[in-house]
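*Asks:* take a look and give me a structure for this.
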Amino acid sequence: MDIKDFWKVKSMEDFTEAEWESVCLKCGKCCVLKSFENGWALFSNRVCDGLDMYTGKCSRYETRLCADCAKVDINLVRDLPELLPETCAYRMLFEGKGLPQYHSLITKDDESVKKAKQRVLDWPNVHSSKDIRNELMSLSEKSLKESWSLDKLDEEENKLFKRYPVVFVAKYPIPGKTQLPNQMIIDLKFEKSDTDI
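*Replies:* Numbers count the residues shown, from 1 in each chain. Next up is the predicted model:
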């Protein structure tokens, strides 16, 4: 039996598998490289190789073959909330905040998260290590074909890495930790997205 607005009346522990899956925004923000500094979770523009760069969804969701992947379940939400952004629907429900207004369960529109620009693909210069490896392979093949010198290859590789910098585009306080002021986060480059992250 389906319950309308089940997230308002049921405990998260009691969600069916279908209900649990429907809560996910499918934004991809949990799939980014993160760093944890001075009480802050810093979310970067480098995504897991499994993230489909066209749909913004995990390409290997059922198996999660990536070593860094973790199943988002009630244990993770409760014990490691810093792995999820504050905008994560699971985290918001767990913290008693309800679902965001752009959630498809509220809007009845499967494209509402995309329209609200709340996907990781809306962040600036998002890329994966796979993107870089593919371009490095192409550079290597081109260098062999055109007999580049080592200096030329090094120059082209440097250009490539400059196109794919790792920058932190969002930060969220780690629950239960003291957050030091921004100036205490040393040597980390931030790039502000024009979306609400």
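*Asks:* my read: residue 48 touches residue 61, true?
*Replies:* No: Residue 48 is not in contact with residue 61 according to Cβ atoms under 8 Å; the separation is 11.2 Å. Using the backbone N, CA and C atoms, a C-beta is placed for each residue, glycine as well.
*Asks:* contacts for the longest strand seen in the chain?
*Replies:* Secondary structure of the chain per DSSP state E: the longest strand is strand 40-47. Residues outside strand 40-47 that contact it (Cβ atoms under 8 Å, 6 or more residues apart in numbering): 28-29, 31-36, 53, 82-83, 85, 120, 123-129, 165-174, 179-180, 185, 188, 191, 197.
*Asks:* tell me which of residue 48 and residue 61 has more neighbours.
*Replies:* Under the criterion of other Cβ atoms under 10 Å, the comparison of residue 48 against residue 61 puts residue 48 first, with 22 against 14.
*Asks:* ok, and the closest non-adjacent residue to that one?
*Replies:* residue 31 (4.4 Å; Cβ to Cβ, 6 or more residues apart in numbering).
*Asks:* how many other residues sit next to residue 88?
*Replies:* The local packing count at residue 88 equals 23, with neighbours defined by other Cβ under 10 Å.
*Asks:* go on, residue 41?
*Replies:* Residue crowding around residue 41 was assessed by other Cβ under 10 Å; the count is 22.
*Asks:* residue contacts, the residue nearest to it when sequence neighbours are not counted?
*Replies:* What sits nearest to residue 41 in space, not counting adjacent residues and going by Cβ to Cβ, 6+ apart, is residue 82, at 4.3 Å. Residue 82 makes contact with 34, 36, 41, 172, 174-175, according to Cβ under 8 Å, 6+ apart.
*Asks:* may I see the PyMOL selection of the buried members of those?
*Replies:* With 16 or more other Cβ atoms under 10 Å as the burial test, the buried ones among the contacts of residue 82 are selected in PyMOL as follows:
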select buried, resi 34+41+172+174
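*Asks:* of the contacts of residue 82, which belong to helices?
*Replies:* When helices are assigned by DSSP state H, not one member of the contacts of residue 82 lies inside them.
*Asks:* between the contacts of residue 82, which sits nearest residue 71?
*Replies:* residue 34 (16.8 Å; Cβ to Cβ).
*Asks:* before we move on, back to that, and the longest strand of the chain, which strands flank it?
*Replies:* Based on DSSP bridges, the pairing partners of strand 40-47 within the sheet are strand 32-37 (antiparallel), strand 127-128 (parallel), strand 168-173 (antiparallel).
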